[in-house]
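**Student:** kindly generate the corresponding structure for this input.
(2 chains)
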Amino acid sequence: MTSGPRFRFAPSPTGFFHVGGARTALYNWALAKRLGGKFVLRIEDTDEARNRPEWTEGIIDALAWLGISGDDPTFEGPYFQSNYAEAHLAAAQRLFEAGAAYYCDLTSEQIQERAKATGASGYDGYSRDRGLGPAPGRVLRFRVPDGETTVFDLVRGDVVFDHSTIEDFVLLRGNGTPMFLLANVVDDVEMQISHVVRAEEHLPNTPKQQQLWEALGHKPPFWAHVPLLVNEQRKKLSKRRDKVAVEQYRAEGYLAEAMVNYLMTLGWSPPGDREIVPWSAIERDFRLEDVNHSPAFFDVKKLTAFNGEYIRMLSVDDFIAACRPFLESPDVPWPADRFDPSKFGALASVVQSRASTLAEVPGVIDFVFLADPVLDEQAWNKTISAPGAKEVLLETTKAYRQLPDWRADVLKETLESVGEKHGLKKGKAQAPIRVAVTGRAVGPPLFDALEVLGREEVVRRLTMVASV
RNA sequence: GCCCCCAUCGUCUAGUGGCCUAGGACACCACCCUUUCAAGGUGGCGGCACGGGUUCGAAUCCCGUUGGGGGUGCCA
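**Tutor:** Sure, this is the predicted structure:
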């Protein structure tokens, strides 16, 4: 019945999809694809999450954006942890009956007191042999035997844990509900998971889970603990301090391909000296045993650089299509009815070579669609006070008014000859016109912009500014 | 406290005992190109945490130190 490895990915819905989770998902996905296995999605749906189905939808949506989609036969699920509630309880019952687990009626306060008294830390196994049965308020604890557990980790090799450092952990709460550890293992058993690839923070829990697998009569899966993603303080990325939501990067105009490629280079690198590689190459080359052991800093700057490269790899048409949501968004700085797709299309290629995210695109061409560009006072004052600037502005306006051909090259020629008359070099001569028409001292190539804007509008803006 | 993991340029990494005077990428700097800003091109800055071993030879293996991180719940 089972055919091929089964990789489980188990994000917990929290209202957003963490970039660290995204990388783990990608690792699982690459492996499942190459090995002809399955990517098994399990949602650890908590009570809160069950009341918010949009959280789960968000995860599935984010995964699909990254290219991990339910439409692909490699994808299996989603399965919900809550659907296995009965199996969790049945497993607990079995462990109890087999003597692998026992009930305990100590409260956490009592446990703390005992710990203080004996000088030991944590639970001391007080109820191990008291023969207690189930009752409200009593927790079921796993009886950790003497000995040691060796976790065979595909990334790190063997990691040995002495059982004396593992206390008898709780399987069932006092109210009878299963703990994460139990639920997790039971789910994996039920889904016949063969590989658990997850973040390193779970490594210390692994010997507990492995013992559970064995106590339940199953051969444990292959484990792989991949390094953590950290911030500049070298701390685990957290929602509070750090920008970690995949959805947010998507909203800011990062391309999925760039995100995927960048994420994969954190803790791993493609063979050779090239980092920008297509997914097909990643899928072919990714190996768990090549994954690094140390935490990696999630560097937005480098992500952005990757994104710029990916944007430039797009055909102009694809770039225009990718920009659409950002140009038609309600947050756009211009009145919606003034947007003209053909004008954007004419400027698209010059914008494309400059953009590092799609979200910044509206900001560089807003002057085209604004009734009147927002004038940067400082830039204006500086520009117009330069010697010859005022003259160039006036004369160019006049020349443009009666230009026979309204084309970028003619516009350029005209301005340059006016500039030369006043001893201004190309760049300098351009400045007053640029600020007058676009409102800013920097922007896309001026003459392309002028051509797109049209004579009437350009002359209008020039005379308006000149009269101030 | 206890347990576990980790340690190559600022950052992500290549490196699995000689090919290393340590390679690439991001960032930064300079120059070239140029129509401002980018993009592109060329070059530069910059690293094996420390101390002991092992070895003819160590970034690579071993031990220790230091430093960082994670875990240690009737959270997930």
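
**Student:** shaky segments in chain A?
**Tutor:** Residues of chain A that meet the criterion pLDDT under 70 lie in A:1-2, A:468.

**Student:** what about the longest helix in it?
**Tutor:** Ranked by residue count, the top helix of chain A under DSSP state H comes out as helix A:19-35.

**Student:** next helix or strand past it?
**Tutor:** The helix or strand immediately downstream of helix A:19-35 is strand A:38-43, counting by DSSP states H and E.

**Student:** okay, that following strand in PDB with CA atoms only?
**Tutor:** Provided in PDB are the C-alpha atoms of strand A:38-43 (Å, rounded to 0.1, in the frame of the first residue of the first chain):
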ATOM      1  CA  LYS A  38       4.300  12.500  -1.100                       C
ATOM      2  CA  PHE A  39       4.200  15.900   0.500                       C
ATOM      3  CA  VAL A  40       1.700  15.300   3.300                       C
ATOM      4  CA  LEU A  41       0.200  18.500   4.700                       C
ATOM      5  CA  ARG A  42      -1.200  18.300   8.200                       C
ATOM      6  CA  ILE A  43      -2.700  21.200   9.900                       C
END
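
**Student:** is RNA strand B contacted by it?
**Tutor:** No - applying CB under 7 Å from any atom of the strand, one finds strand A:38-43 out of contact with RNA strand B, separated by at least 9.4 Å. From N, CA and C alone the C-beta is placed, and that goes for glycine too.

**Student:** do the same with stretch A:161-177
**Tutor:** Yes - counting by CB under 7 Å from any atom of the strand, contacts between stretch A:161-177 and RNA strand B involve A:161-162, A:165, A:167, A:169-170, A:173-175.

**Student:** kindly export that stretch (C-alpha atoms) in PDB.
**Tutor:** The C-alpha trace of stretch A:161-177 is given here as PDB (Å, rounded to 0.1, in the frame of the first residue of the first chain):
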ATOM      1  CA  PHE A 161      19.900  11.600  24.600                       C
ATOM      2  CA  ASP A 162      20.300  10.000  28.000                       C
ATOM      3  CA  HIS A 163      16.900   9.200  29.500                       C
ATOM      4  CA  SER A 164      17.900  10.500  32.900                       C
ATOM      5  CA  THR A 165      17.600  13.900  31.400                       C
ATOM      6  CA  ILE A 166      14.100  13.300  30.100                       C
ATOM      7  CA  GLU A 167      11.300  13.500  32.700                       C
ATOM      8  CA  ASP A 168       8.100  11.500  32.500                       C
ATOM      9  CA  PHE A 169       6.200  13.800  30.200                       C
ATOM     10  CA  VAL A 170       2.500  14.400  30.000                       C
ATOM     11  CA  LEU A 171       0.500  12.600  27.300                       C
ATOM     12  CA  LEU A 172      -3.000  13.500  28.400                       C
ATOM     13  CA  ARG A 173      -4.000  16.600  30.300                       C
ATOM     14  CA  GLY A 174      -6.100  16.500  33.500                       C
ATOM     15  CA  ASN A 175      -9.200  17.200  31.300                       C
ATOM     16  CA  GLY A 176      -8.400  14.300  29.100                       C
ATOM     17  CA  THR A 177      -7.200  16.100  26.000                       C
END
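
**Student:** sort out which residues of it are buried, please.
**Tutor:** Along stretch A:161-177, these residues count as buried under the neighbour rule (16 or more other CB atoms under 10 Å): A:161, A:166-172, A:174.

**Student:** redo the residues you listed as TSV? Include distance to A:Leu450 and secondary structure.
**Tutor:** Output for the buried residues of stretch A:161-177, formatted as TSV (distance: CB to CB, whole Å; DSSP: H, G, I helix; E, B strand; the rest coil):
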residue	distance to A:Leu450	secondary structure
A:Phe161	70	strand
A:Ile166	73	coil
A:Glu167	74	coil
A:Asp168	77	coil
A:Phe169	71	coil
A:Val170	72	strand
A:Leu171	73	strand
A:Leu172	74	strand
A:Gly174	75	coil
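
**Student:** and the furthest pair within those residues?
**Tutor:** A:Phe161 and A:Gly174 (27.2 Å; CB to CB).

**Student:** hmm, back to that, show me the two of the residues of stretch A:161-177 next to RNA strand B that sit farthest apart.
**Tutor:** A:Asp162 and A:Asn175 (32.1 Å).

**Student:** can stretch A:278-297 be said to contact RNA strand B?
**Tutor:** Yes - using CB under 7 Å from any atom of the strand, stretch A:278-297 reaches RNA strand B at A:290, A:292-297.

**Student:** can you tell me the helix or strand for A:Ala371?
**Tutor:** With DSSP H and E as the test, A:Ala371 turns up in no helix or strand.

**Student:** how about A:Lys235, nearest residue that isn't a chain neighbour?
**Tutor:** Excluding its sequence neighbours, the residue lying closest to A:Lys235 (CB to CB, 6 or more residues apart in numbering) is A:Arg241, at 7.8 Å.

**Student:** kindly check the end-to-end length of stretch A:13-21 for me.
**Tutor:** 11 Å (CA to CA, to the nearest Å).

**Student:** what comes up buried for it?
**Tutor:** A:13-14, A:16-21.

**Student:** give me the subset of these touching RNA strand B.
**Tutor:** Here nothing survives when the buried residues of stretch A:13-21 are matched to RNA strand B using CB under 7 Å from any atom of the strand.

**Student:** CA atoms only for stretch A:450-460 - export them in PDB, please.
**Tutor:** What follows is stretch A:450-460, C-alpha atoms only, in PDB (Å, rounded to 0.1, in the frame of the first residue of the first chain):
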ATOM      1  CA  LEU A 450       7.700  63.100 -21.900                       C
ATOM      2  CA  GLU A 451       6.800  61.200 -25.000                       C
ATOM      3  CA  VAL A 452       4.200  59.100 -23.100                       C
ATOM      4  CA  LEU A 453       2.800  62.100 -21.300                       C
ATOM      5  CA  GLY A 454       2.200  64.000 -24.600                       C
ATOM      6  CA  ARG A 455       2.900  67.500 -25.700                       C
ATOM      7  CA  GLU A 456      -0.200  69.100 -24.300                       C
ATOM      8  CA  GLU A 457       0.400  67.800 -20.800                       C
ATOM      9  CA  VAL A 458       4.100  68.400 -20.800                       C
ATOM     10  CA  VAL A 459       3.700  72.000 -22.000                       C
ATOM     11  CA  ARG A 460       0.900  72.600 -19.400                       C
END
